[in-house]
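S.K.: here are the coordinates; sequence isn't available:
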C-alpha cells in the first residue's frame, strides 16, 4: 500500500531507491544488524538496492513497510509488516545514533495504529533475539506479551539464536491505545 503516516516527530513513508545510501550506512553496523534475523553483515549498498527493488506500492497491509524519517534528519530506520511462519509479524530497526530517544516506540505505535485500522486481523506476531532487551521493552510497552521461545537464523551472526516470541491482540492494542490517550489527556505521557 502506498501510505504515508505522521507521528509527532516522524514521517513513516514508503521506501525509495534514494534511501539506499542511508540504509546501507546504518545497517552496516553489527550492533544493529546483529539484532535482526533477515539482514546480513556486512551490509553493503548493493544489499540496500536489492532490498529496495522488492518494494511495490500495491502490497497488502501485511507486507507493507515504512521508512522512518526523523524531521530535519532523514531516514533513520524502518518499521514494517511481513509474512512469517506464525503469520503476519511486525519488525523494525533503528540506526544506533538515534537509540534511547523513544523514536522507535513512536514509530511502532504509528505503524500499529495504521495496521489495526486497515485490517481486521485479530493478532499480530513479533519477537526478539533473547539478548535484545531494548526491543522487547518496546514491544511490551505497546502491549505485546511473550508467548514462547523458538530459534531463528540471524544472518548477521551466521547462526541460529534463541528467539522470544511475542504477540499483540487487537483487544490488547485497543486497551493500550485507550490507556495512552488517557495519559495524554492528563499530561503524563
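M.R.: Here it is on my side, so go on. Predicted model, so just to flag it, every value in this text is computed and none were measured.

S.K.: show me where the chain has strands.
M.R.: Ranges of strands in the chain, per DSSP state E, are 5-6, 10-13, 65-70, 74-84, 87-94, 123-129, 145-154, 159-169.

S.K.: Contacts only, for the most centrally placed residue in the chain.
M.R.: The chain has residue 92 as the residue nearest its centroid, 2.3 Å off, counting by C-alpha atoms, centre = their mean. Shown in contact with residue 92 (C-beta atoms under 8 Å, 6 or more residues apart in numbering): 77, 78, 79, 80, 104, 107, 108, 111, 135. The C-beta positions use only the backbone N, C-alpha and C, and glycine is treated the same way.

S.K.: Look up how far residue 59 lies from the fourth one.
M.R.: Translated: residue 80. 10 Å (C-beta to C-beta, to the nearest Å).

S.K.: what does the first one give?
M.R.: With distances defined as C-beta to C-beta, the gap from residue 77 to residue 59 amounts to 19 Å.

S.K.: out of those two, which sits in the more crowded spot?
M.R.: Neighbours were counted for residue 77 and for residue 59 using other C-beta atoms under 10 Å; residue 77 has more, 26 against 17.

S.K.: I'd assumed residue 96 was in contact with residue 31.
M.R.: Yes - here residue 31 reaches residue 96: they are 5.4 Å apart, a contact under C-beta atoms under 8 Å.

S.K.: And these two? Which one has more around it.
M.R.: More crowded of residue 31 and residue 96, by other C-beta under 10 Å: residue 96, with 14 against 9.

S.K.: Make sure that one is actually in contact with residue 32.
M.R.: Yes - using C-beta under 8 Å, residue 96 is in contact with residue 32, at 5.8 Å.

S.K.: intersection of neighbour lists for the two?
M.R.: Listed as contacting both residue 96 and residue 32 by C-beta under 8 Å, 6+ apart are residue 26.

S.K.: low pLDDT regions in this structure?
M.R.: 1, 179-189 (pLDDT under 70).

S.K.: and if we set it to 90?
M.R.: Applying pLDDT under 90 to the chain picks out residues 1-2, 55-59, 84-87, 176-189.

S.K.: Please convert the strands of the chain to TSV, extending it with distance to residue 45.
M.R.: TSV is the format used below for those (distance: least, C-beta to C-beta, whole Å):
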stretch	distance to residue 45
strand 5-6	27
strand 10-13	21
strand 65-70	16
strand 74-84	14
strand 87-94	17
strand 123-129	26
strand 145-154	22
strand 159-169	25
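
S.K.: Quick check: which of those strands is nearest to residue 41?
M.R.: Closest to residue 41 of the strands of the chain is strand 145-154 (C-beta to C-beta; 9.2 Å).

S.K.: relative to strand 74-84, how tilted is that closest one?
M.R.: 100 degrees (axes from the mean of the first three to the mean of the last three C-alpha atoms, to 10 degrees).

S.K.: Name the strands paired with strand 145-154 and say parallel or antiparallel.
M.R.: For strand 145-154, the pairing partners within the sheet under DSSP bridges are strand 159-169 (antiparallel).
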